[in-house]
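A.B. asks: pasting the sequence and the predicted model now:
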Amino acid sequence: MDLSLSPSLLHDRARPDFRDRYGELAQSAVTIEAAVGRVRLLGVTLRPTELERVERIRVVLQEVSPLAAATEAEQLAADPRRRPRLEQWARLIREGRLELRLAPLAGWSPDFSVFHGPPPSPPIVLIGPHWFLRPYPHPGPAFNALLRGEAARIASVRFNEIWRGAHDLRGPMLRILESASRAEGVPAGWARDPMPPASVGP
């Protein structure tokens, strides 16, 4: 990992922004730990090339709506340009590289992701709203802080505390993704992104 990336402040009007940095950090990571309030499948735009070196991705969520997740999965399946994204997440779960848990009572703030590179590189933490799409949906500002070393180690310890008390979500999410992949006759209008909520995870 390039330690020159941190510490630094990212914001919605700058380049590189959150999306740029997340992709760069993911490309150099072996493990990613992400704690996100809620996630939209439509909004997670990480490419396979950005995740090809990652051996383990652990994502813990505060909130999941099965109906919303199923609707978004069907929207991805109905759009040929974005369908590979749906298949990518399902494949990562089946391979055991993507683990999902739900911790509705944990109550952390804000979103954060910890990136662990191959030893002896220190971990890096990216703290702030996890929003991949552009433009940011609110007037802003949307700030993210990029820190390394002791700050990232503390974040990783706290992530693992949340993780241990969370419930496994892989089975239900995989069924949603696979069901959408098999679905036929999804209305064409569903291929358009709806108005996004406030936060998106990896």
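C.D. replies: Sure thing, it's come through.

A.B. asks: quick check: buried residues in the lengthiest helix in the chain?
C.D. replies: Ranked by number of residues, the top helix in the chain under DSSP state H is helix 150-164. If you call a residue buried by 16 or more other CB atoms under 10 Å, then helix 150-164 has these buried ones: 151, 152, 155, 156, 158, 159, 162, 163. (C-beta placed from N, C-alpha, C; glycine too.)

A.B. asks: so how far is residue 106 from the fourth one?
C.D. replies: So the one you mean is residue 156. Separation of residue 156 from residue 106 (CB to CB, to the nearest Å): 15 Å.

A.B. asks: try the second one
C.D. replies: When CB to CB is applied, the distance between residue 152 and residue 106 equals 19 Å.

A.B. asks: what do you get for the fifth one?
C.D. replies: Between residue 158 and residue 106 the distance is 10 Å, computed by CB to CB.

A.B. asks: kindly report the same for the last one.
C.D. replies: When CB to CB is the yardstick, residue 163 and residue 106 sit 9 Å from each other.

A.B. asks: what residues are shared contacts of those two?
C.D. replies: residue 60 (CB atoms under 8 Å, 6 or more residues apart in numbering).

A.B. asks: run a quick neighbour tally on the nearest residue to residue 63 once chain neighbours are set aside.
C.D. replies: Residue nearest to residue 63 in three dimensions, not counting chain neighbours: residue 38, with 4.3 Å by CB to CB, 6 or more residues apart in numbering. The number of residues packed near residue 38 is 18, by other CB atoms under 10 Å.

A.B. asks: what about the helices in this structure?
C.D. replies: 18-28, 48-51, 66-78, 83-95, 150-164, 170-182.

A.B. asks: mind putting these in a markdown table, mean pLDDT and distance to residue 137 included?
C.D. replies: Formatted as a markdown table, these follow (pLDDT from 0 to 100; distance: least, CB to CB, whole Å):
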| stretch | mean pLDDT | distance to residue 137 |
| --- | --- | --- |
| helix 18-28 | 95 | 13 |
| helix 48-51 | 94 | 23 |
| helix 66-78 | 93 | 16 |
| helix 83-95 | 94 | 19 |
| helix 150-164 | 97 | 26 |
| helix 170-182 | 94 | 24 |
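
A.B. asks: closest to residue 11 out of the ones you listed?
C.D. replies: helix 18-28 (8.6 Å; CB to CB).

A.B. asks: off-centre distance for the closest one?
C.D. replies: 11 Å (CA atoms, centre = their mean, to the nearest Å).

A.B. asks: please name every helix or strand in contact with that helix.
C.D. replies: helix 48-51, strand 112-116, strand 124-127, strand 143-148 (3 or more CB pairs under 8 Å, 6 or more residues apart in numbering; DSSP states H and E).

A.B. asks: nearest to residue 171, out of those?
C.D. replies: Nearest of the helices and strands packed on helix 18-28 (CB to CB): helix 48-51, 21.4 Å.
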